[in-house]
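>>> What would the 3D arrangement of this be:
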Amino acid sequence: MIENLRNLKTSEIVLRQELPLLECEWLVGRLLAKRGVATAQWVTNTRRWLIQYDADLCGRADLVAFLQSCGVSAAAVRAGPPTST
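Numbering: from 1, shown residues only. Just a heads-up that it's a prediction; the model follows:
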C-alpha cells in the first residue's frame with residue numbers, strides 16, 4: 001500500500017484503569033499487530049492512549065471492541081489529537 005494514500009486518523013482513548021508497565025507494553029504489541037493500526041502509545045503514568053490508524057481499515061468502535069477483547073475497558077474516546085488541559 002502506498003503510504004501517502006492511507007486515511008490516517010488519531011484517537012485518544014482513555015482507559016477505565018491504569019495498567020502496569022508490562023501490560024502496557026503487551027497491549028502496544030497487540031495493537032500494532034492489528035490490521036490498520038499504524039502507531040500505538042500510552043502516555044506514561046496515565047490512562048490515556050494515542051492510537052493512529054487507517055480509517056479505511058478500522059474505526060474508533062473497532063479499536064474499543066479490540067481493547068475489550070484484550071480485557072481492557074475504555075472510559076472515553078476522543079477523535080483527533082488530544083487537547084491540552
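
>>> and the most centrally placed residue in the chain, bridged to which residues?
Central residue of the chain (C-alpha atoms, centre = their mean): residue 51, 3.4 Å from the mean position. Judged by DSSP bridges, the bridge partners of residue 51 are residue 11, residue 40.

>>> show me the contacts for it.
10, 11, 12, 13, 31, 37, 39, 40, 41, 63 (C-beta atoms under 8 Å, 6 or more residues apart in numbering). Backbone N, C-alpha and C define where each C-beta goes, glycine included.

>>> Then residue 27?
19, 40, 42, 67, 70, 72.

>>> Tell me if it really is in a strand.
No: checked against DSSP: H, G, I helix; E, B strand; the rest coil, residue 27 lies outside a strand; its state is helix.

>>> Buried members of the contacts of residue 51 into ChimeraX, please.
Applying 16 or more other C-beta atoms under 10 Å to the contacts of residue 51, the buried members can be selected in ChimeraX as follows:
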select :10,11,12,13,31,37,40,63
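
>>> Need the contacts of residue 51 in JSON lines (columns: distance to residue 24 and pLDDT).
Putting the contacts of residue 51 into JSON lines (distance: C-beta to C-beta, whole Å; pLDDT from 0 to 100) gives the following:
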{"residue": "10", "distance to residue 24": "18", "pLDDT": "95"}
{"residue": "11", "distance to residue 24": "17", "pLDDT": "95"}
{"residue": "12", "distance to residue 24": "15", "pLDDT": "95"}
{"residue": "13", "distance to residue 24": "13", "pLDDT": "95"}
{"residue": "31", "distance to residue 24": "10", "pLDDT": "97"}
{"residue": "37", "distance to residue 24": "15", "pLDDT": "95"}
{"residue": "39", "distance to residue 24": "14", "pLDDT": "95"}
{"residue": "40", "distance to residue 24": "10", "pLDDT": "96"}
{"residue": "41", "distance to residue 24": "9", "pLDDT": "94"}
{"residue": "63", "distance to residue 24": "16", "pLDDT": "96"}
